[in-house]
Structure formats: structure tokens, C-alpha cells
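*Asks:* Structure for the following, please:
(one chain, ligands or ions: 2)
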Amino acid sequence: FFEVHEIVVPHLGHVPIVKGDFTGLPKKIQQFIAFYADYMKPRGIFICDGSDEEAHMVINKLLERGTLHHLPKYEENYICSTDPQDVARVEGKTFICTKNKHTSVARSRAGAKGGLGLWLSPEEAKKEMDERWPGCMAGRMMYVLPFCMGPLGSPLSKYGIQLTDSNYVLLCMRIMTRMSSQVFNLIGEGDFVKCVHTMGCPRPWRKKVVNHWPCNPEKVLILHFPEEHKVKSFGSGYGGNSLLGKKCFALRIASNLARDEGWMAEHMLIMGVTNPAGKERFIAAAFPSACGKTNLAMLKPSLPGWKVRVVGDDIAWMRFNDKGELYGINPESGFFGVAPGTNWKTNPNAMASFQKNSIFTNVARTADGGYFWEGMEDEVDKDIEITTWLGQPWKIGMPGKAAHPNSRFTAPASQCPIIHPRWEDPEGVPIHALLFGGRRPEGVPLVIESRSWEHGVMLGASLKSETTAAAEFKGKSIMHDPMAMRPFMGYNFGHYLQHWLDFNKPPNKMPKIYHVNWFRVGKDGRFLWPGFGENIRVIDWICRRLDGEDIAVDSAVGMLPKKGSIDLTGIEDKVNWDEMFTLPKDYWQSDIRETIEFLDTEVGDDLPPRLRQELNEQEERIKKM
Ligand code: SAT
Ligand code: MN
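*Replies:* Ligands and ions are numbered 1, 2, ... in the order given. Okay, here's the model as predicted:
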């Protein structure tokens, strides 16, 4: 299939280079590749250049093999199903490895469940690695992916090289990161994040392969070595487990770099919102996985005259400049969005983004060559034959689900009709407000403004949400997800909170912090707020607050909108203001108790005293309600 150039490189042994110019690479990169080729024993090395030609070569191979299927209804759209055992991140198998345990995890108290990241000692990690990695690519191709997180050449960007034996990962990394052979030269002899990924199925592989998706669920292990700027991932090809530029690098490793270099790496979307008068504000917003970051970032405003443009939908890297202004970039170049629920009504901009050059994972297919998932029922012929993500024949109305709840689209950000013209600005965009939010069916009002930076950090640290399908958890319950970073923390969460608190010093101009909740449910079990495009009404209120309008009243939990100050024109009869903003005292008393208990137990002695003080003051105010 590939033309093989038999270059025998001294320290490479006899592993052939099937594509690319190995000897032309910077020495440090050669050494990295050679070391892992020797360790993992692939049958060949394929050095990627990120070109379309290269992608087509790989796509054709995957089509032939049956891993990918073409979706003829669109241009260059492909669909693939994973092994049903490999459908989400695996938090219980994701570890941070540092010499000192408390660099990675807080000094928690008895009873802690370790929910803010797991630590593995270097000795333990070595043992686990020795059981997995040697020879793990036998009989398979090793792809070398040079990539940049952030706009090429931006002072805020960082480089990485991922080794992988999955060409699906190669195709997705091409969309999600800036992958180009230029990166090799930009790295030179400088620093880069070393990413090593394998599906963990060396040949001869005797276990059953499902859906042409060889993986190794029993042995999944995702290790981060922040001190060495290294990530090692074994056994899974799914999203956050395998597209190592994403959560592993851009959040877990980057949060370490950010701590050391004085910036922030956050699980946040970035959006630009322009009001009818033409004034633009930028908002960064943190929500746990599968809580609507992509929908908010691409919101289609229901209020006339407003314009929303997306900079990023999942990750923000932010830094205060010399003048004390916060600027942010989106380190990614694609969207890895949750498919179910996305349709031309809920998110037309996302839909438009993936009409070509996109990859769909674990969604269903229609007989006329389109994609299908829950939420698209009104947009396809009711009688159309559908093939579920598991390959079963299915029709709308039949029991069961057509797509996996965590099924995803992978689409180039540049294809989004409302991508912000400054989305690749090397300087980033100014950030004026930070939002935190989760799925809170009970007790939590539509929007709360923090009383101060410190109070806002406390609101972020108290973030909770209903569990979603993005991780391995089953069933619905309210879970803590402080700063929406629980699954992505790269170091001691107490130190991370202190890092946030420390930003509040001259000359920094602190953005206002808000907590939002689109998901409160009324007595009748229905959502109290229509959400989606109507969320612009909350954004409008926030922007007016940023302008200093007197439209907020103090409450025990923070500032709330004065009654009637959110523009409800046209939806007055759909919205019950009082029910949406009421603060049930019992609920809040037990909620803050439970939050304090959680942070005391999990973060223990590392919980910054200032944050503890904010919690105490909030509790006191709630008592007096
Ligand atoms: O699988 S990912 O981590 O990339 C998606 C998510 O959970 O946010
Ligand atoms: Mn995410």
C-alpha cells in the first residue's frame, strides 16, 4: 500500500520509515521517535505532514477495512462506530504521575473519594507501563503527528508530537489540532509535549475485534507526567482518552504549565457577543462535559439585533497582559461535540459546521446516506430505514436508542458560519466575563452574579451538575464538578484554587464571574427556562451589568437580577420569574453544608483559607435568609 523507503537509521534499528523524512527532523525529535519505536516495536513509521493528500490516503485505507463509512449525503463526511466497550473517557483509569503525591492531589481527609484527580507514583506507573507498552505496536503502523495547540506562531501556543497506532486518531487530530510538518521546524531543538498513544493490540492479536475497532478496555490506562511534559495513553481510541492534544495536553498538562508560567488553562468556551448598539464583549464559560458549551458558544440569539460569534467551544487558555487585561485563545481547531440533541433548531451553526470534512463517531445512519441521532426525528423522513450505531436495523419510534448518548461529531472550527474573525488572532481576544454552570434541576436560579472575584472563585469551586454520558458513570445524580475541571485537573486542586485567587492583584482588571443554570425544573417536572437561543436574554443582562447598570439585587447567594430586569419580551407567558429565582432556604442550607463537607474532605488542608472564608460567609448569609 505505501511505498517503502528502506532507510535504516542507526538508533532506529530496522523499523522502516514508510512516509516522511526522518533524518531531516530536529535531533531531539528523532530521538523521541526512535526511542518509542524501539520500545513499542511498530512495523513501520509514518511521519505525517497534515496534508489533505495524506488524509485521503488514510481515509481510503479505513474505508477498505470497514472502520469508516462514507456518508454520501454530504461532502467528505465519514462515520465510524467504536467497540461498545470504548465509548467515553475513563476517569478511574486516568492518573497524574509526579514524584511528590501532593503536587498532583490535595492533602485530603479521611473519607475522601479522590474525585479531583488520581495520583500514581512513578514506581507504580513504571510497573503498569512495563506490563503494557513494550511491543504494544507490533505489526502495526506508528504514526507521528506534529501538532500545535493554538494559532501557529502565537506566543500563547504550545507544540506537541503524538505517536499513535490509530489512524482514526490521526484523522481526528487533524481536525482538532493544527497538524502540519511546519511544527517540526517550529519546535526545532525546543520543548514539546510528548504524547504516546496506543490502542494496545499488538499483533498477533487473538481477542475478538468489534466494529473493526481494536482496543483493550481491560488495560486502559491514561498517564500524565507533568514534570516531563509527557502523556501516555493505552487501550482506548475514544475522544478525551486518545486525542491527546485535547484534555490530556490542553487541560491536564497545560494547567501545570499555566500554574508555573502564571496563566490559566480552563474547560471553557469563548464567545463574542455584540449587542444591537454594536458593542462587543467576550465571555468564557465553564460547564461540565455534555452540558451545552457547544450550544452556548454557537447560540443563535432570539433577541433582535444581537450577534454571537464563536472563538472556541471547549477549552480556553487565558493570560493577563502587562496592562492587566485578560486575553484568551482557543487552543483547538475543531469541535468534538455531543451529537444527540443537536439539530437545525437547537444548534443550526453546529449543524452547518459538519456538512463536510467531518467524522461522526457512534451515531446512526439513514438509508439515504445521512447521519442520524436522537433529536433529529423531525428532520428526516419518519419511515426512513436507520442503522443504529450498533449496526442494527431501526426506525423512528422503535424502542432503544439509534445513537450512543455520548456519540460525537468532529468538525473543523473554520467551517462554522459564525466562527469569530479573530478566532486565530495570535494575541487572543479580551475576556470580559467568566461563567460557570451545570445541570441543576433544583433550587439554583437562572443567573447569579458573584459579589467579588473571591466569591466568584467560590461559586466555581462549588459547581455541581447532573451526571452525563461523557464519562463512565451510570445513572443520573448530582455530582461535584468544581470549575468544570474535576475530570481534567492536572495538579493539586487546592493549589489550583489558590492560583485563581492570586490573580486578583494590580494591575489585573478582574472579569466579573457569574453562575448560570438553564436546567431548573418546575413542580410540573418541566424546564423553567426555554434555553438555547433564549439564553441571549441572560447574556444581555450580564452585558448590561458589565456596563454598570443598576439591575441587580443582593441575596444570600450572590447578586440576582432585579425582578423584570431580564428582557422577556415575547416569552412572558412561558416563564415564571418567581419560580425561577426563588431560593429555597432548606435547599441552600443543605447544599452549602454538603459543598463545605466535600471541599473539606477532598481538598482538606490544601483548601485556601480565603476560599474557606467565602464558604463560611455564604453559609452565614444563608442561615440568615
Ligand atoms: O471525550 S472528551 O473528553 O474529549 C469530551 C468531554 O468529555 O468533554
Ligand atoms: Mn469538554
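*Asks:* ok, now which ones touch whatever residue of the stretch 201-350 of the chain ends up closest to ligand 1?
*Replies:* Distances between the stretch 201-350 of the chain and ligand 1 by C-beta to the nearest ligand atom are smallest at Gly240, namely 2.4 Å. Just so you know, the C-beta spots here come from the backbone N, C-alpha and C atoms, and that holds for glycine as well. Each residue near Gly240 by C-beta atoms under 8 Å, 6 or more residues apart in numbering is listed here: 89, 246-248, 487.
*Asks:* May I see these organised as TSV, with pLDDT added?
*Replies:* As requested, these are exported to TSV (pLDDT from 0 to 100):
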residue	pLDDT
Arg89	95
Lys246	98
Lys247	98
Cys248	98
Pro487	95
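*Asks:* ok, and the most crowded of these?
*Replies:* Among these, Cys248 has the most neighbours (other C-beta atoms under 10 Å), with 29 neighbours.
*Asks:* Make sure that residue is indeed in a strand.
*Replies:* No. Counting by DSSP: H, G, I helix; E, B strand; the rest coil, one finds Cys248 to be helix, located in no strand.
*Asks:* beta partners for the closest residue in space to it that isn't next to it in sequence?
*Replies:* Leaving out its chain neighbours, the residue that sits closest to Cys248 by C-beta to C-beta, 6 or more residues apart in numbering is Val231, at 4.4 Å. Beta-bridge pairing of Val231 under DSSP bridges involves Cys195, His224.
*Asks:* Tell me if I'm right that Val231 and Lys247 touch.
*Replies:* No. If you go by C-beta atoms under 8 Å, Val231 and Lys247 don't touch, sitting 9.7 Å apart.
*Asks:* any common contacting residues for the two?
*Replies:* In contact with both Val231 and Lys247: no residue, using C-beta under 8 Å, 6+ apart.
*Asks:* Tell me the secondary structure at Asp378.
*Replies:* Going by three-state DSSP: Asp378 is helix.
*Asks:* If the residue lying closest to Lys512 once chain neighbours are set aside is in a bridge, with which residues?
*Replies:* With C-beta to C-beta, 6+ apart as the criterion, Lys512 has its nearest non-adjacent residue at 5.1 Å, and that residue is Ala433. Under the criterion DSSP bridges, Ala433 forms beta bridges with Ile283, Lys512.
*Asks:* Return the residues in contact with Ala433.
*Replies:* By C-beta under 8 Å, 6+ apart, the residues touching Ala433 are 281, 283-284, 511-514, 542, 546.
*Asks:* So which residues of the stretch 1-150 of the chain form helices?
*Replies:* Assigned by DSSP state H, counting those that start in this stretch, the helices in the stretch 1-150 of the chain fall at 27-40, 52-65, 101-104, 122-130.
*Asks:* Nearest approach to ligand 2 belongs to which of these?
*Replies:* helix 101-104 (20.7 Å; C-beta to the ion).
*Asks:* Against which helices or strands is the helix ranked longest in the chain packed?
*Replies:* As assigned by DSSP state H, the longest helix anywhere in the chain is helix 585-603. With contacts taken as 3 or more C-beta pairs under 8 Å, 6 or more residues apart in numbering; DSSP states H and E, helix 585-603 sits against helix 493-502, helix 609-623.
*Asks:* rerun at 6 Å
*Replies:* Other helices and strands packing on helix 585-603, by 3 or more C-beta pairs under 6 Å, 6 or more residues apart in numbering; DSSP states H and E, are helix 609-623.
*Asks:* buried sites along the helix it packs on?
*Replies:* 610-611, 614-615, 618-619, 621-622 (16 or more other C-beta atoms under 10 Å).
*Asks:* related to what we said a few turns ago, and the gap between the residue nearest to Cys248 and Phe598?
*Replies:* 28 Å (C-beta to C-beta, to the nearest Å).
*Asks:* same check, this time on Met57
*Replies:* Distance from Met57 to Phe598, by C-beta to C-beta: 50 Å.
*Asks:* so what's the nearest residue to Cys97 once chain neighbours are set aside scoring on pLDDT?
*Replies:* Ranked by C-beta to C-beta, 6+ apart and with sequence neighbours excluded, the top spatial neighbour of Cys97 is Ala125, at 4.5 Å. Here the pLDDT value assigned to Ala125 is 98.
*Asks:* Begin at 611, not 1, for the rest of this chat.
*Replies:* In the new numbering, first residue 611, that becomes Ala735.
*Asks:* Ala735 against Lys709, yeah?
*Replies:* No. Between Ala735 and Lys709 there is no contact under C-beta atoms under 6 Å: 11.0 Å.
*Asks:* So for these two, which sits in the more crowded spot?
*Replies:* Between Ala735 and Lys709, Ala735 has the larger neighbour count (other C-beta under 10 Å), namely 20 against 9.
*Asks:* sorry, back to before: among the contacts of Ala1043, list the two that are farthest apart in space.
*Replies:* Largest separation among the contacts of Ala1043 by C-beta to C-beta: Arg891 and Ile1123, giving 14.2 Å.
*Asks:* Quick check: closest non-adjacent residue to Lys711.
*Replies:* Lys711 sits nearest to Trp729 (C-beta to C-beta, 6+ apart), 5.1 Å away.
*Asks:* For the residue of the stretch 1011-1160 of the chain found nearest ligand 1, what are phi and psi?
*Replies:* Proximity to ligand 1, evaluated over the stretch 1011-1160 of the chain using C-beta to the nearest ligand atom, is greatest for Ala1080 at 3.6 Å. Main-chain torsions, Ala1080, degrees, to the nearest 10: phi -70, psi -20.
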